[in-house]
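Q: Build me a model:
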Amino acid sequence: MKPSTYSESDYYLTSQLKLGSEQAFTVLFHRYQDKVYQFCLRFTSSSFLAQEWMQDAFIQVWLNRSTIDPGKSFSGYLHVIARNKAFDSIKKEASENLRIGEWVRQAIPATDYESVYL
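A: Numbering: from 1, shown residues only. Predicted coordinates:
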């Protein structure tokens, strides 16, 4: 059942998307791409990363379209996916930076490392 605050149009479009409508997906993409992009920019200063996360979120929506609940907020669903994409990317980058730091500490003797980096 559609919540009273939920857009009639979004309800219809997500119902059609769930059935595999590329046209409904396209309309939803154009409706929400700027909002999701701006949301992603909250997590990075890189417009490239924000664009990538936004696109990844829409790809995930398309791949999981059969599980969408038209009775729930599409905007909320999409923003949760985008947030998770951003967090996953940030965690991955932090992990890679830690590994690089460990490699540098192992590759450069302690006295040389301290004179170069401290």
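Q: List the buried residues of the helix or strand containing residue 17.
A: Residue 17 is part of helix 8-18, with elements assigned from DSSP states H and E. Within helix 8-18, the residues that count as buried by 16 or more other Cβ atoms under 10 Å are 10-11, 13-17. In short, each C-beta sits where N, CA and C put it, glycine included.
Q: Then stretch 23-39?
A: Buried, per 16+ other Cβ under 10 Å, within stretch 23-39: 24-25, 27-29, 31-33, 36-37, 39.
Q: outside of it, which residues touch it?
A: 10, 12-14, 16-17, 50-51, 54, 57-58, 61-62, 65, 74-75, 78-79, 82-83 (Cβ atoms under 8 Å, 6 or more residues apart in numbering).
Q: ok, of those residues, which come out buried?
A: 10, 13-14, 16-17, 50, 54, 57-58, 61, 65, 74-75, 78-79, 82-83.
Q: what about the most centrally placed residue in the chain, which SS state?
A: By Cα atoms, centre = their mean, the chain has its centre lying nearest to residue 82, at 2.5 Å. Using DSSP: H, G, I helix; E, B strand; the rest coil, the secondary structure recorded for residue 82 is helix.
Q: Excluding chain neighbours, give the residue nearest to it in space.
A: Spatially, and ignoring its direct neighbours in sequence, residue 82 is nearest to residue 57 (4.1 Å; Cβ to Cβ, 6 or more residues apart in numbering).
Q: ok, that neighbour - contacts?
A: Residues in contact with residue 57, defined by Cβ under 8 Å, 6+ apart, are 36, 78, 81-82, 85.
Q: give me the element it is part of.
A: helix 47-63.
Q: May I ask which helix or strand of this protein has the lowest mean pLDDT?
A: Using mean pLDDT, DSSP states H and E, helix 110-117 stands out as the lowest-scoring helix or strand of the chain, at a mean of 54.
Q: For this protein, give me the ranges with low pLDDT.
A: Applying pLDDT under 70 to the chain picks out residues 1-6, 94-118.
Q: how about a cut-off of 50?
A: 1-5 (pLDDT under 50).
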